[in-house]
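Novice: show me the folded form of this:
(4 chains)
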Protein chains: 2
Amino acid sequence: MRSTISMVDRTVKNPYPVRMARPRSFDEKQVLNAVREQFWDAGYAATSLEDLMRVSGLGKGSLYAAFGDKRQLFLRALHSYTDDSHGHLRKALSEAPRALDALRMLLEAPIDDPTGAGTRRGCLMANSTCELGNADPEVLDHAHRTYETSTALIGDCVARAQREGDLPAGADPIALARALLAAQQGLVFMSRTGLDTATLTATARSLAAQLLPDHSGD
Amino acid sequence: MRSTISMVDRTVKNPYPVRMARPRSFDEKQVLNAVREQFWDAGYAATSLEDLMRVSGLGKGSLYAAFGDKRQLFLRALHSYTDDSHGHLRKALSEAPRALDALRMLLEAPIDDPTGAGTRRGCLMANSTCELGNADPEVLDHAHRTYETSTALIGDCVARAQREGDLPAGADPIALARALLAAQQGLVFMSRTGLDTATLTATARSLAAQLLPDHSGD
DNA sequence: GGAGTTCTTGACCGTGCGGTCCACCATAAG
DNA sequence: CTTATGGTGGACCGCACGGTCAAGAACTCC
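Specialist: Reported below is the predicted structural model:
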């Protein structure tokens, strides 16, 4: 029942790839990216395992062995999405020469066409919340924490803009951050309905102008 | 092959309920309401025919005979939703003593708990767009037209507020309407993530204050 | 090379789905 | 009452889905 001869100490000497054997023929990150795109395009329910196999190039067995069932795979993809989003957000907010510019970009950037498809398919996190929020508490909870993190990041940037004299110093940074986030989500959503880019851009500028009034002259 | 004796002229004399026979045992409107609630709670894909039978109290045959397949039933429910929404919007915007109050309510009202559940389940039109927008052009198109109508209604109200001296006269009513609609959608969406009501209300007030500055003193 | 282990492939399974159909019912007209 | 007609309910169907499994391939270590 206990140690059947060998297969024992190996975990001690080389715990991670216990014995190695056949290596994986795929890159987990790439698979996760492909799967994420698929979920993003079609949503959770409308994505079948066959779709996931197609876009990942893996068989069912490999997918299940590596990620568990469909839901877990989806959650992994969702987490990778929010992680990346926060990475980009952090970068954009910190690298901008002036914090105010970064905040304005927050509203206008989603309109631009980075990959050609633009924001026509919206935000994966938002889509997932809409589709699964009522049914899957874990998705809802993740959404909640994600938006809290975003709020904090934006709040920091607002505070910086205040220190740089570009925004009124009196306002609560977090409150403004929430307003900006709501405005951005609203814009991304309206883009989903097929509103033309010009109108969308104009609306973004209008919101930016009213939520982020130029204060540099003070 | 042609006229088998009777069954002929009846359509001429009484074309609508041709022969009447057994009348329907359900009210189409009530069924549509029940079905709409179900789709609203669970989304399109996550709602099974069994769910629809349960909430409507009808058998499959009756549902299919009356509404066609699941998708058509959904579209009917969606249209009834947007029709009602526009009705409420029209009423709220026209009945308010001052247009500015109505516009503020636009942002703050969704937070209040009208039915107890509040906006935790969001807006059916928005949810549907997120879930089906990429796959069903008809849903997308309906979303587009719906938001255009909403924009027009809100734009009218903005114009009225301008005439009443509560908003700066120079601004484009439609542009402000779009900004307000985006802000509202963003708020409703953030409410879906489980943000507490107090924070939500504060954000709504903050947005209202910045997008609808008090101009009555001018 | 042999042994051991993991990864891969794809056939297979049970289930629950959307959708169809038909026997039965309730009603209106004659 | 009889007859025609549309409504009703549920049995039934085929299918595609998510998920399992076993046999073989690929690799490391000895």
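Novice: next up, the contacts around the residue nearest the centre of chain A.
Specialist: Nearest to the geometric centre of chain A sits A:Thr82, at 2.8 Å (Cα atoms, centre = their mean). Contacts for A:Thr82 (Cβ atoms under 8 Å, 6 or more residues apart in numbering or on different chains) come out as A:125, A:142, A:146. C-beta coordinates here come from the backbone N, C-alpha and C atoms, glycine included.
Novice: tell me the pLDDT at it?
Specialist: Looking at A:Thr82, its pLDDT reads 96.
Novice: buried residues, the strand or helix carrying it. List them.
Specialist: Using DSSP states H and E, A:Thr82 sits in helix A:70-95. Buried residues in helix A:70-95, counting neighbours by 16 or more other Cβ atoms under 10 Å in any protein chain shown, are found at A:70, A:73-78, A:80-82, A:85, A:89, A:92-93.
Novice: ok, now stretch A:32-45?
Specialist: Of the residues in stretch A:32-45, A:32-44 count as buried by neighbour count, 16+ other Cβ under 10 Å.
Novice: go on, stretch A:131-144?
Specialist: Neighbour-count burial for stretch A:131-144, counted by 16+ other Cβ under 10 Å, picks out A:131-134, A:136, A:139-140, A:142-144.
Novice: so how far is that stretch from its chain's centroid?
Specialist: On the basis of Cα atoms, centre = their mean, to the nearest Å, stretch A:131-144 sits 15 Å off its chain's mean C-alpha point.
Novice: in a markdown table, list the buried residues of stretch A:32-45 along with distance to A:Arg120.
Specialist: As requested, these are arranged in a markdown table below (distance: Cβ to Cβ, whole Å):
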| residue | distance to A:Arg120 |
| --- | --- |
| A:Leu32 | 22 |
| A:Asn33 | 19 |
| A:Ala34 | 19 |
| A:Val35 | 20 |
| A:Arg36 | 16 |
| A:Glu37 | 14 |
| A:Gln38 | 16 |
| A:Phe39 | 16 |
| A:Trp40 | 11 |
| A:Asp41 | 10 |
| A:Ala42 | 13 |
| A:Gly43 | 14 |
| A:Tyr44 | 18 |
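Novice: and of those residues, the nearest to DNA strand D?
Specialist: Distances from DNA strand D to the buried residues of stretch A:32-45, taken as Cβ to the nearest atom of the strand, are shortest for A:Tyr44 (8.4 Å).
Novice: and that closest one, what is it in contact with?
Specialist: Per Cβ under 8 Å, 6+ apart, neighbours of A:Tyr44: A:74, A:128, A:131-132.
Novice: ok, which of the residues you listed also contact chain B?
Specialist: Contacts with chain B within the contacts of A:Tyr44, as defined by Cβ under 8 Å from any Cβ of the partner chain: A:131-132.
Novice: which helix or strand in chain A has the lowest average pLDDT?
Specialist: Ranking every helix and strand in chain A by mean pLDDT, DSSP states H and E puts helix A:10-13 at the bottom, with a mean of 34.
Novice: quick one, the next helix or strand after it and helix A:70-95 angle?
Specialist: Next in sequence after helix A:10-13, counting helices and strands by DSSP H and E, comes helix A:28-42. Helix A:28-42 runs at 100 degrees relative to helix A:70-95, counting by axes from the mean of the first three to the mean of the last three Cα atoms, to 10 degrees.
Novice: what packs against the helix or strand that helix A:28-42 is followed by?
Specialist: Next along the chain after helix A:28-42, taking DSSP H and E as the criterion, comes helix A:49-56. On a contact count with 3 or more Cβ pairs under 8 Å, 6 or more residues apart in numbering or on different chains; DSSP states H and E, helix A:49-56 meets helix A:28-42, helix A:60-67, helix A:70-95.
Novice: redo those helices as JSON lines? Include distance to DNA strand C.
Specialist: Below are those laid out as JSON lines (distance: least, Cβ to the nearest atom of the strand, whole Å):
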{"stretch": "helix A:28-42", "distance to DNA strand C": "10"}
{"stretch": "helix A:60-67", "distance to DNA strand C": "2"}
{"stretch": "helix A:70-95", "distance to DNA strand C": "12"}
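Novice: for B:Ala66, find the nearest of those.
Specialist: helix A:28-42 (30.0 Å; Cβ to Cβ).
Novice: so is the closest one next to DNA strand D?
Specialist: No: judged by Cβ under 7 Å from any atom of the strand, helix A:28-42 and DNA strand D are separated, with a smallest distance of 10.3 Å.
Novice: are that helix and chain B in contact anywhere?
Specialist: Yes: using Cβ under 8 Å from any Cβ, helix A:28-42 reaches chain B at A:41-42.
Novice: touching that helix from outside, list them.
Specialist: Here helix A:28-42 makes contact (Cβ under 8 Å, 6+ apart) with A:47, A:51-52, A:55-58, A:66, A:73-74, A:76-78, A:80-81, A:121, A:124, A:127-128, B:134-135.
Novice: what is the orientation angle of that helix with helix A:60-67?
Specialist: 110 degrees.
Novice: okay, helix A:28-42 in CSV with CA atoms only?
Specialist: The C-alpha coordinates for helix A:28-42 follow below in CSV (Å, rounded to 0.1, in the frame of the first residue of the first chain):
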residue,chain,number,x,y,z
GLU,A,28,-0.9,27.3,-22.4
LYS,A,29,-0.9,31.0,-22.8
GLN,A,30,-1.6,30.8,-26.6
VAL,A,31,-4.4,28.4,-26.0
LEU,A,32,-5.9,30.7,-23.4
ASN,A,33,-5.7,33.6,-25.8
ALA,A,34,-7.4,31.7,-28.6
VAL,A,35,-10.1,30.5,-26.2
ARG,A,36,-10.6,33.9,-24.9
GLU,A,37,-11.1,35.3,-28.3
GLN,A,38,-13.7,32.7,-29.0
PHE,A,39,-15.6,33.4,-25.8
TRP,A,40,-15.3,37.1,-26.5
ASP,A,41,-16.8,36.7,-30.0
ALA,A,42,-19.6,34.3,-29.2
